[in-house]
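Visitor: have a look; sequence and predicted model below, questions after that.
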Amino acid sequence: MKIYNTLTKTKEEFVPIEEGKVRMYVCGPTVYNYIHIGNARPMIIFDTARRYMEYKGYDVNFVSNFTDVDDKIIAKAAAEGVSASEISEKFIAECKKDMEALNVKPATVHPLATKEIGGMVEMIETLIQKGFAYAAEDGTVYFRTRKFPEYGKLSKKNLDELEAGKRIAVEEQKEDPLDFVLWKPKKDGEPYWESPWCQGRPGWHIECSVMAKKYLGDEIDIHAGGEDLIFPHHENEIAQSEAANGKPFARYWMHNGFLNIDNRKMSKSLGNFFTVRQVGEEYDLQVLRFFMLSAHYRSPLNFSRELMEASKNGLERIVNGADRLRGLCESGLSREVSQEEKKLLDQAEEYVKKFEAAMDDDFNTADAVAAIFELVKLINSNTSSEQSRDFLSGLLDTLTKLCDIMGIKTERQEETLDARIEKLIAQRQEARKERDFAKADQIRDQLLQQGILLEDTREGVKWKRI
Ligand code: AMP
Ligand code: ZN
């Protein structure tokens, strides 16, 4: 199995530190809002990579954090007059619901930054002792970037060029403009923790170094996240971990490309984003998952209605193929598999090999999906109720196995569709109660476009498919 390693900029054969085991860390979201579909890309991609490695027999220890203390969380809490933890707890719970709907498996551990402060203080102390960090007068602790000679090795940045790009006078207490924050003093009304330097809270980067060490060890196999994290986040993680532990940190660095909208970067700060929830009102979220898998994870991917519709149709073809086999299995003959059927099963095995070859080549999900489509074509043109039940169920098992690796469910998702309709109806009722008739009408029209007609009756709102 080959993985493209950002550190070496090449595809490398994957060799785990410990045979048969994978220690994998994926940077998770900062929880101050519903996750957007850009955040869903790394979740889906690295979940699929995990599923494939598990299929290959690896025992994958998969750690993914939630950043639950941060400026944006604090600002949102202040705006809503609630505590930061109320905001983060709410959005962690909502994020987990979205993950479930996207069929993203829960991590082995989902550590929370606020529960790991002790470990962070300890690592910062080690860094100070080793001369890699220093506390300024006000209690801010900085990492001494130039003390770590390999700084820049992941992002291929040169320290002098970086320095030239920095505005110097901003933080005068820094020894060097390149130094970054490990610990900072609290401001009024902010959550804080005790530390040897001041009451305060950690900088963002230190949490991942500490959680990876605690749950996976000093050296890990794979560290992953979106490409925007390469610099400074992952570069800083490497500096902190390798300086503190005296060992190489992660062997393989994987980064997904960005999800764009109208070919522009999609992000919360630019305001041009869709949440997973919003997309879920219109599509089964399996479609969103399938859409993400249709491109190579390192390529940029543009979110558009056309591509979502194409993904919906593609997924439908696969589910229809599985449905067809399930139906045929019931009426199939209880006899041995014939020579001809055996040949077809061999052909199906060829598609499995193609699928594996694609996934072994840096998780090329686009080609892996193409192999699934070839299998579906074989199913559609070569199966009937006159065939052996063992043959039919053999094909069904193969199709289901490949779909499972992609996290694609082959059963129809009627229930979730119904649940989604009910949810929209409830939102429409809510809008009417607030006399927001424009919104109520918009929800009714949206449902109508999806073939759902609402009827207001004396017993309440009823709906039917048209
Ligand atoms: P954040 O909450 O911004 O820290 O992001 C959580 C994860 O989502 C990180 O791995 C980011 O790199 C990733 N991410 C954020 N926006 C996008 C996007 N538009 N496309 C792909 N990945 C993204
Ligand atoms: Zn991280």
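Guide: The structure has been received and is ready for your questions. Ligands and ions are numbered 1, 2, ... in the order given.
Visitor: phi, psi of the residue of the stretch 1-150 of the chain found nearest ligand 2?
Guide: Closest contact between the stretch 1-150 of the chain and ligand 2, by Cβ to the ion, is at Cys27 (3.2 Å). Heads up, the C-betas are built off the backbone N, CA and C, glycines and all. Here is the backbone geometry of Cys27 (degrees, to the nearest 10): phi -70, psi 130.
Visitor: and it, how many residues sit next to it?
Guide: Close neighbours of Cys27, defined as other Cβ atoms under 10 Å, add up to 23.
Visitor: again, but for Ala419
Guide: Counted with other Cβ under 10 Å, the neighbours of Ala419 add up to 12.
Visitor: same check, this time on Leu392
Guide: Leu392: 26 surrounding residues under other Cβ under 10 Å.
Visitor: if we can go back for a sec, could I get the contacting residues of the residue of the stretch 1-150 of the chain closest to ligand 2?
Guide: Pro42, Ser64, Asn65, Cys208, Ala224, Gly225, Gly226, Leu229, His233, His234 (Cβ atoms under 8 Å, 6 or more residues apart in numbering).
Visitor: check the secondary structure at Pro248 for me.
Guide: Recorded secondary structure, Pro248: coil (DSSP: H, G, I helix; E, B strand; the rest coil).
Visitor: just the one 5 residues further on next, same as before
Guide: What three-state DSSP gives for Trp253 is strand.
Visitor: can I assume it is in contact with Glu227?
Guide: No: in this structure, Trp253 is not within contact of Glu227 by Cβ atoms under 8 Å, at 10.4 Å.
Visitor: who does the residue nearest to the residue of the stretch 1-150 of the chain closest to ligand 2 when sequence neighbours are not counted form a beta bridge with?
Guide: Nearest residue to Cys27 in three dimensions, chain neighbours excluded: Gly225, at 3.8 Å (Cβ to Cβ, 6 or more residues apart in numbering). Beta-bridge pairing for Gly225 (DSSP bridges): His255.
Visitor: what's the local residue count around Gly225?
Guide: Residues contacting Gly225 under the criterion other Cβ under 10 Å number 22.
Visitor: tell me if I'm right that it and Val26 touch.
Guide: Yes: with contact defined as Cβ under 8 Å, Gly225 reaches Val26; the gap is 6.2 Å.
Visitor: look at the residue of the stretch 301-450 of the chain found nearest ligand 2 and give its secondary structure.
Guide: Using Cβ to the ion, the single residue of the stretch 301-450 of the chain nearest to ligand 2 is Phe363, 20.2 Å away. Secondary structure state of Phe363, per three-state DSSP, is coil.
Visitor: could you list every residue that touches it?
Guide: Going by Cβ under 8 Å, 6+ apart, the list of residues near Phe363 reads Ile3, Ile45, Thr48, Ala49, Tyr52, Tyr297.
Visitor: equivalent analysis for Glu219, please.
Guide: By Cβ under 8 Å, 6+ apart, the contact list for Glu219 reads Ile17, Arg23, Asn245, Lys247, Pro248, Phe249, Ala250, Arg251.
Visitor: now the buried members of those residues.
Guide: With neighbours counted using 16 or more other Cβ atoms under 10 Å, these contain these buried positions: Arg23, Asn245, Phe249, Ala250, Arg251.
Visitor: what's the separation between the third one and ligand 1?
Guide: According to Cβ to the nearest ligand atom, to the nearest Å, Phe249 and ligand 1 sit 17 Å apart.
Visitor: what do you get for the first one?
Guide: When Cβ to the nearest ligand atom is applied, the distance between Arg23 and ligand 1 equals 18 Å.
Visitor: so that residue sits in a helix?
Guide: No: according to three-state DSSP, Arg23 belongs to no helix; its state is strand.
Visitor: right, and it touches Ile17 too?
Guide: Yes: judged on Cβ under 8 Å, Arg23 makes contact with Ile17 at a distance of 6.8 Å.
Visitor: shared neighbours of the two, which are they?
Guide: Counting by Cβ under 8 Å, 6+ apart, the shared contacts of Arg23 and Ile17 are Glu219, Ile220, Asp221.
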